[in-house]
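Peer 1: model this:
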Amino acid sequence: MIGTQRSGSNLLRLMLNQLPQVSAPHPPHILERFMPLLPLYRDLCLPHNFRNLVADVCELVACNPVAWPHIELDVDYIISCCKENTLVEVTRVLYEEKARSEGANTWMCKSMGNIHYADVLETSLQPLYIFLYRDGRDVACSFKKAVVGEVLN
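Peer 2: Have a look, this model is predicted:
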């Protein structure tokens with residue numbers, strides 16, 4: 001999903017998550033948090049390095065403020081499901097496993113920061129996009145009332 005904060009993306013995510021064929025869990029912002037850290041994992045073709053990355057991503061999902069129930073965060077299982085040693089592939093496997101655990105055949109991520117990685121996502125996943133638009137004046141008014149998010153003066 002592409003949009004901005006305070007645009008109604010969480011409401012839409014919750015509505016889509018009610019559909020039995022769609023899994024739209026609260027996002028742990030995997031790409032946004034781990035893409036800048038990838039150089040620290042060095043060569044992901046080395047099993048030890050890739051395992052460290054998968055373990056850390058699984059820990060992030062486990063610590064997400066809104067839990068992902070009914071998903072197995074077994075590092076070795078996640079690794080065995082990956083077709084290549086990339087962060088995008090780890091993300092795909094986790095979201096697909098979440099969807100499978102719910103009996104859904106489609107998954108959605110509303111992490112707005114993913115737009116910065118659209119080129120990588122499009123190469124690996126061939127995603128479909130939902131572009132969410134809200135009048136900027138409404139977004140600004142919403143930010144003024146919000147207890148979270150960026151502060152607007």
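Peer 1: Helix or strand, whichever it is, which one in the protein has the lowest mean pLDDT?
Peer 2: Here the helix or strand of the chain ranked lowest by mean pLDDT, DSSP states H and E is helix 136-145, holding a mean of 87.
Peer 1: Please state the offset of that one from the chain centre?
Peer 2: Remark: helix 136-145 is offset 25 Å from the chain centroid, using CA atoms, centre = their mean, to the nearest Å.
Peer 1: Tell me which residues of it come out buried.
Peer 2: For helix 136-145, burial by neighbour count (16 or more other CB atoms under 10 Å) applies to Val139, Ser142, Phe143. For glycine as for every other residue, the C-beta is placed from the backbone atoms N, C-alpha and C.
Peer 1: How about stretch 56-69?
Peer 2: By 16+ other CB under 10 Å, the buried positions in stretch 56-69 come out as Asp56, Val57, Cys58, Leu60, Val61, Trp68.
Peer 1: mind checking how far the nearest residue in space to the fifth one that is not next to it in sequence is from Leu19?
Peer 2: Right, the one you point to is Val61. Nearest residue to Val61 in three dimensions, chain neighbours excluded: Pro28, at 5.0 Å (CB to CB, 6 or more residues apart in numbering). Distance from Pro28 to Leu19, counting by CB to CB, to the nearest Å: 21 Å.
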